[in-house]
Structures are given as structure tokens and as C-alpha cells.
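Trainee: sequence and predicted model, in that order:
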Amino acid sequence: MRVGRDLRLVNPQIGILAVQGDYEAHAKALERLGVERTYVRRPDDLEGLDGIILPGGESTTHLKVMAEESLWNAVKKFATDGGAFFGTCAGAILLAREVRAPAQDSLGLLDISILRNAYGRQLASEVRTGPSKLREKPLEMVFIRAPIIDSVGSGVEILAEDAGHPVLVQQGRILASTFHPELTDDPVVHEHFLRLIGE
């Protein structure tokens, strides 16, 4: 699968978990790429999807609503069936194998350990740029109360780092970032997710 205009021809079916957080920003990012999306609020919404985006927001709220709407087991089955995942910030927390500081439940799909409140509860955002494996041009990274990935398993590829910590990682068809690529005009991270689906 190629990126750019060809994404419109491939027409992958992407769902965005839409129970809380910045899911509309992800929808706009996909629209700019000409890719259709659906919002996922119930288990039935997962039918026919190739990949799902778990957006930022409050991970404990995501957990609560997913349990109430019977989405938890449905999302795990989606993973077992080979669905692709892209988690940003709180979404990365949901995907992690282990969540600490403080501990909480997670889907356990991505072999990383993550510190949930590593940056405390500050209200300020911070925009940084840095290198990545996605391209030669530096990557713009918007951090908002970002968690910290403090360890990765042997099967996890680190695609970008900041301040000595991984901030963009991939394991198979699972992609996770501790920053918010959907809050920039740069499509490169979403394009990479779409490549994973094509592979």
C-alpha cells in the first residue's frame, strides 16, 4: 500500500474510539488524507474495520466507558482477529502491557511499560521537534500531559525518541505515540499507520 493519493483508492476502513478525548481531531486528519472513518462506541461498530485509533483523553474514563459499553472484550477480539491499532497518549496507555504510576488495567497488546502520570497534572502543552525513522525531516510532536514509555520489549521498534524516552513505537500492526500527531498538519504518522494496515 502506498501513501498520498493512493490511500483513496485502497479505502481502508478505519474506526476511531469515540467515547471521550480528541477523536474528532483524528477524524479530520484522516479526512485530509481522503480516508473514510467511522466512530466506535459499541461492539457492532468494529465490524468490517481494518484498523482502530485509540485517541488521547483520560485513560481511566476510556476504561470505564469501554467496560460499560461491552467494548473491552470486543476490542481484544478485534486484536486477536488481526486488526491494526494506533494509540495516542491515553490510547498508548490503553495498549500497554504494563501501566504504572499509578497502576491501572490495560489491553496488554503492546509490549511496553508506561508511566501514566509521569509529567504530573500540568495544564501546559509543549511542542517539540525531533528525528524519527519515518523520514529525514524532523517530526513535530505535541505533548499534553504525556505519559512516559520507560521500557520496551524486544519485539518493539522505537520510531522516535524525545528526552531519552521512546515517544513513537511499533510492534507488528500496533503503533503508539505519547504525543498527538492529530494536532498538527503533518500527516506522516497517520500515513504510517495506514501502511501498517496495507501490509
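Mentor: That came in fine, so what should we check first? Residues are numbered from 1 along each chain as shown.

Trainee: and Val40, how close does it get to Lys28?
Mentor: When Cβ to Cβ, to the nearest Å is the yardstick, Val40 and Lys28 sit 17 Å from each other. Every residue, glycine included, has its C-beta placed from N, CA and C.

Trainee: which one's more surrounded, those two?
Mentor: Applying other Cβ atoms under 10 Å to Val40 and Lys28 shows that Val40 carries more neighbours, namely 26 against 11.

Trainee: grab the nearest non-local neighbour of that one.
Mentor: For Val40, the nearest residue in space outside its immediate sequence neighbours is Gly15; the separation is 4.2 Å by Cβ to Cβ, 6 or more residues apart in numbering.

Trainee: which parts of this structure are strands?
Mentor: 14-17, 37-40, 51-54, 84-88, 96-100, 110-115, 125-130, 139-144, 148-152, 157-162, 165-171, 174-177 (DSSP state E).

Trainee: the ones you listed: lowest mean pLDDT?
Mentor: Summarising mean pLDDT across these, the least confident stretch is strand 125-130, with a mean of 88.

Trainee: output the strands of the chain as TSV; include the columns distance to Glu191.
Mentor: Supplementary listing: the strands of the chain in TSV, determined by distance: least, Cβ to Cβ, whole Å:
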stretch	distance to Glu191
strand 14-17	12
strand 37-40	14
strand 51-54	13
strand 84-88	11
strand 96-100	24
strand 110-115	20
strand 125-130	18
strand 139-144	12
strand 148-152	22
strand 157-162	13
strand 165-171	13
strand 174-177	11
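
Trainee: nearest to Leu196, of those strands?
Mentor: Proximity to Leu196, assessed across those by Cβ to Cβ, is greatest for strand 84-88 (5.2 Å).

Trainee: for stretch 81-90, buried residues please.
Mentor: Judged by neighbour count (16 or more other Cβ atoms under 10 Å), stretch 81-90 contains these buried residues: Gly83, Ala84, Phe85, Phe86, Gly87, Thr88, Cys89, Ala90.

Trainee: quick one: which two of those residues are the most distant?
Mentor: For the buried residues of stretch 81-90, with distances taken as Cβ to Cβ, the pair at the greatest spread is Gly83 and Cys89 (20.1 Å).

Trainee: out of the buried residues of stretch 81-90, the closest to Pro131 would be?
Mentor: Each of the buried residues of stretch 81-90 was scored against Pro131 by Cβ to Cβ, and Thr88 proved nearest at 19.3 Å.

Trainee: the closest one contacts Leu175, doesn't it?
Mentor: No: counting by Cβ atoms under 8 Å, Thr88 sits too far from Leu175 to count as a contact (9.2 Å).

Trainee: what's the spacing between the residue most central in space within the chain and Gly153?
Mentor: Of all residues in the chain, the one closest to the mean position by Cα atoms, centre = their mean is Gly87, 1.5 Å from it. As for Gly87, its distance to Gly153 is 16 Å (criterion: Cβ to Cβ).

Trainee: great, nothing more from me.
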